[in-house]
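J.: return a 3D structure for these sequence lines:
(chains A and B)
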Amino acid sequence: MKVIRPNKYGVGIALGTALLAVAAWAALAANPSPARSRAAAETDFAKLFAGIPGGDIQPCRALLDMYPEFNGVAVDPKNNVVLFSDTNLKSLLIYRRTAGSVDSPGVTRPLAQIMGPATYISFAAGVALDPVHKQIYAGENDIGDDVAAFPYGANGDYAARVLATPHEVYGIGISQKFNQMALAIEHDEELIFFRLGAHGAEPPLREIRGDNTGLADPHGVYWDDPHDEIFVANHGNWARGAWDPDYQGGGHYQPPSITVFSADDRGNVKPQRTIQGSKTRMDWPAGVSVDDQRNEVAVANMASNAITVYKRTANGNVAPIREIKGPHTGITTPMGVAFDPVNHELWVANFGHTGLVFDSDANGDARPKRIIRNAPKGTAIAGFGNPMAMAYDSKRDELLVPN
Amino acid sequence: MASGNTNPARIIQGQKTKLTRAAHGITYDKARDLILASEPLAAAIVTFPAGAHGEVAPLRVLQGPKTQLHRPFQLEVDDVHKELVVADSVSSRILFYRWDASGNTPPLRYIGGPKTGMYGGVIGVAVDPVRNIVVGTASDQHHRGAIFVFDRRASGDVAPLGVITGPHTGIKSLWHVAVYNGKIFAVAFNSGYFPPYDRGGFAPTPGCTGPPKPWLAPIGFIGVWNLTDKGDVPPRAYIRGAASDLLHPASIALDPPDGELFTGDGGRNGVFAFQVPQLLGVPGQGGLGSGQLNDTWSR
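T.: Residues are numbered from 1 along each chain as shown, chains lettered A, B, ... in the order given. Now for the predicted structure:
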């Protein structure tokens, strides 16, 4: 992986700087624990299936993306790092905050890539950074039911401090003031709260859930400490029966929304504000972020390839004050968004091979200031997100794969 | 079929489609050229024209209290009897509807209850309309993955015709299933997953000390049994191992005329095609790699 331009002195300086950055990141963490081994848990299938036809047959074709695919994003301007979750290779990628270039088609060199059995990373979606305690948090959206935490400096197969959670964590918001983290649980339609630093089977502190909350397939979460508010992006799908076998009321669809709660809310409470309606232009809102200095909230709309920005205090069926969208933006299936109020920048994680950096006040078909690439420019994106279902269309000779 | 890393030919997505994440069921209705997908986060089944593209509204949405849908997973259309068959992972039922059921419509019948032996939610379902058999994958009372075989015409709390489960099957947990030519193609996911939280996500389960370890489970496989197989019996053929590139396969689709079997793997996050005409009763070559397939089906 090279981010270096072919210049005699530039190569030396850039390489040296990159190596120093990697070394500085690594120095923050203790040595990682040994990786766990699948072989230790493998049963003796060779004896069990001896003599049975078949076995270790090679596939005749394989559809795989060999590069990471970004999902969530978090930025720490205090320590100048940015974090992306990768649902394809099941990893977390950490970069210098100033990394990336609009001109380079090559792969951006990360400071670290956390990946392997000891990390518990299996399908990380939402991520968060704690700049005070220098901690990384990643929520598992499938396969695993946990939040994995790492110290700054972690790399490779680093043993996570792991917390058991309900199934299908998406967004994570953290609060220094409350010393808590809020997790959005998609199919339970809830926000669940834990102590920062919680691990093992430590029980939750509280939850926000119920018919009054307006939570419906909640995704991204942002905890706005200065204003004591929590913002949640909702796709609008609702089905209590998905977890309650006694519930006979069926499911329903409601419009996508941003619901805003007071930071100390609990139980079946109405949100303080709800941004919802046709004027909002939301379309599968995934990530959400607040700039508490500009008083704005940004939403990553994965289906419309757009970032919509509203006033932080917006309520009801309101149009965005800005919308970043268009062919020059490079925004494609954006899953994550993060404001950097210190450097006046806005980060976007595309579900695929690019992270984009815009000025905080970017609008329309704006070009990004920097691009972080986890694959060479032009690399195809298979776009799988756990292909747990499939059908074959014999008429068109096509495979149908929901994600 | 494409190979390597490639962009999809078409994408159906967006708010209007009523698709949700965690859509663990999709089927192609060949007779009517339709796509049906289960939406567990909305307790719904949505139907599209098979050539649909972009942000399009579904032709039909099956949803509402009368449907008895809780968390639908695999589904299949029975062309012969014109029925839609759905596995429900929360109610532990196999539900049968008219193939074109829409709105708040009740099922024609269902198979579910203690006598069925299906616990822990039905994940996979497949129909053999000629032999009048329906197959479901679920957990038995010992939390082991099991293949349940029923008379397709059964209704209510009925005993299965047969159950395939036990240590000699190699099955820890199952995901989807297909039936073809008198054979069951079951996908043993084998991830070792066990939820650390109670249903509804209120609190950790008693005795829980932490989350499941996703990387320590044995590798999964695709196993083939006869529809008449019962008990703790190994598969009659299987695909598993390093050369197969499979880690935790989950989904399955068959293309019998071309002798191909497709599977999506959640652990590898990819889709794999295997040339196995012998398994599908198609003359031709197959059995690449170290394993060799033959037509020995007798025990």
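
J.: give the buried residues for stretch B:68-83.
T.: Neighbour counts over stretch B:68-83 (16 or more other CB atoms under 10 Å in any protein chain shown) mark B:68-78, B:81, B:83 as buried. Quick note: C-beta positions are derived from backbone N, CA and C, even for glycine.

J.: endpoints of it, how far apart?
T.: Length of stretch B:68-83, first residue to last, CA to CA, to the nearest Å: 16 Å.

J.: that one close to chain A?
T.: Yes: applying CB under 8 Å from any CB of the partner chain, one finds stretch B:68-83 in contact with chain A at B:Gln68, B:Leu69, B:His70, B:Arg71, B:Phe73, B:Gln74.

J.: among these, which two are most distant?
T.: Using CB to CB, the pair of the residues of stretch B:68-83 next to chain A lying farthest apart is B:Gln68 and B:Gln74, separated by 16.5 Å.

J.: spatially central residue for chain B, please.
T.: Among the residues of chain B, the one closest to the centroid is B:His176, at 2.2 Å (CA atoms, centre = their mean).

J.: residue contacts, it?
T.: Counting by CB atoms under 8 Å, 6 or more residues apart in numbering or on different chains, B:His176 touches A:Met388, A:Ala389, A:Met390, B:Gln74, B:Ile123, B:Gly124, B:Thr137, B:Val187, B:Ala250, B:Ser251, B:Ile252.

J.: do A:Asp146 as well
T.: A:Tyr120, A:Gly139, A:Glu140, A:Val162, A:Leu163, A:Ala164, A:Thr165, A:Val169, B:Pro196, B:Gly210, B:Pro211, B:Pro212.

J.: export those residues to CSV and tack on neighbour count, distance to B:Gly64 and pLDDT?
T.: Below are these laid out as CSV (neighbours: other CB atoms under 10 Å in any protein chain shown; distance: CB to CB, whole Å; pLDDT from 0 to 100):
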residue, neighbour count, distance to B:Gly64, pLDDT
A:Tyr120, 30, 39, 94
A:Gly139, 29, 32, 96
A:Glu140, 28, 32, 93
A:Val162, 23, 39, 97
A:Leu163, 28, 37, 97
A:Ala164, 25, 34, 96
A:Thr165, 25, 31, 96
A:Val169, 28, 29, 95
B:Pro196, 22, 32, 91
B:Gly210, 17, 39, 91
B:Pro211, 28, 35, 89
B:Pro212, 22, 34, 81
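
J.: now secondary structure and distance to A:Pro151 too, for those, in CSV please.
T.: Shown next, in CSV, are those (DSSP: H, G, I helix; E, B strand; the rest coil; distance: CB to CB, whole Å):
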residue, secondary structure, distance to A:Pro151
A:Tyr120, coil, 15
A:Gly139, strand, 17
A:Glu140, strand, 19
A:Val162, strand, 14
A:Leu163, strand, 15
A:Ala164, strand, 20
A:Thr165, coil, 20
A:Val169, strand, 20
B:Pro196, coil, 23
B:Gly210, coil, 19
B:Pro211, coil, 19
B:Pro212, coil, 23
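
J.: need those residues in CSV with distance to B:Ser155, can you?
T.: Shown next, in CSV, are the contacts of A:Asp146 (distance: CB to CB, whole Å):
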residue, distance to B:Ser155
A:Tyr120, 44
A:Gly139, 42
A:Glu140, 39
A:Val162, 45
A:Leu163, 44
A:Ala164, 40
A:Thr165, 39
A:Val169, 39
B:Pro196, 36
B:Gly210, 42
B:Pro211, 39
B:Pro212, 36
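
J.: excluding its backbone neighbours, what's nearest B:Phe189?
T.: Spatial nearest neighbour of B:Phe189, excluding adjacent residues (CB to CB, 6 or more residues apart in numbering or on different chains): B:Trp175 at 4.2 Å.

J.: burial count for the one you found?
T.: Counted with other CB atoms under 10 Å in any protein chain shown, residues neighbouring B:Trp175 total 28.

J.: tell me if I'm right that it and B:Val187 touch.
T.: Yes: in this structure B:Trp175 lies within contact range of B:Val187 using CB atoms under 8 Å: 4.8 Å.

J.: which neighbours do those two share?
T.: Shared contacts of B:Trp175 and B:Val187, defined by CB under 8 Å, 6+ apart, are found at B:Gly124, B:Pro249, B:Ala250, B:Ser251.

J.: out of those, which touch chain A?
T.: Among the shared contacts of B:Trp175 and B:Val187, chain A is touched by B:Ala250, B:Ser251 when using CB under 8 Å from any CB.

J.: per-residue confidence at residue 40?
T.: Assuming you mean chain A. We have a pLDDT of 50 for A:Ala40.

J.: that's the wrong chain, I wanted chain B
T.: B:Pro40 is assigned a predicted lDDT (pLDDT) of 95.
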